[in-house]
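> generate a structure from the sequence data that follows.
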Amino acid sequence: MSTIRKIPPFEQSLAAVTLSTKEAVIGPMRPKLREYNITEPQWRVMRVINDRGATDATGLAEVGLLHAPSVTRILKDLEDRKLVTRELDANDRRRTLVALTPEGREIVKVISRQVVQIMREYSDRFGAQRLEKLVTEMRALSAAIKGVG
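Numbers count the residues shown, from 1 in each chain. Now for the predicted structure:
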């Protein structure tokens with residue numbers, strides 16, 4: 001049985017705390033992204049491609065937590081900047097796969113070094129086990145409330 005009886009003040013709400021945490025986590029990474037003129041959504045797309053290899057736009061949207069039209073715009077910009085390439089999937093000619101160019105891979109490599117340092121500091125300050133438990137709980141919360149409303 002739920003104990004929530006009324007809406008809390010905004011700053012105490014789950015939404016506000018989650019947004020505040022996102023800003024705290026991403027904030028230290030922004031200067032490095034700006035140095036390479038990379039937006040946060042572009043970074044997510046580049047990370048997904050780096051992690052998974054050549055990927056289609058649908059996969060990029062799902063894993064990168066982005067809307068399909070946003071992915072379309074992001075890919076156009078990254079392709080114009082020669083950071084990604086698109087080619088037809090050899091197994092399914094109706095599908096286009098996106099891959100990082102050598103320049104794109106280099107940017108991911110450089111920014112990732114900075115991200116690793118930042119994550120080490122988060123782990124040192126918050127505690128590695130606490131951070132791991134928090135991530136596990138956040139995943140569980142996300143799965144539990146998916147589709148509510």
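> please name every helix or strand in contact with the helix or strand where residue 71 lies.
Using DSSP states H and E, residue 71 maps to helix 68-80. If you count contacts as 3 or more C-beta pairs under 8 Å, 6 or more residues apart in numbering; DSSP states H and E, helix 68-80 packs onto helix 40-52, helix 57-64, strand 84-88. Heads up, the C-betas are built off the backbone N, CA and C, glycines and all.
> so which of these is the most packed in?
helix 40-52 (a mean of 19; mean count of other C-beta atoms under 10 Å).
> okay, the angle between that one and helix 57-64?
100 degrees (axes from the mean of the first three to the mean of the last three C-alpha atoms, to 10 degrees).
> just give me the neighbour total for residue 56.
Residue 56 has 16 neighbours, counted by other C-beta atoms under 10 Å.
> quick revisit: what lies in contact with the helix holding residue 71?
39, 41-42, 45-46, 57-58, 60-61, 64, 66, 84-86, 98, 104 (C-beta atoms under 8 Å, 6 or more residues apart in numbering).
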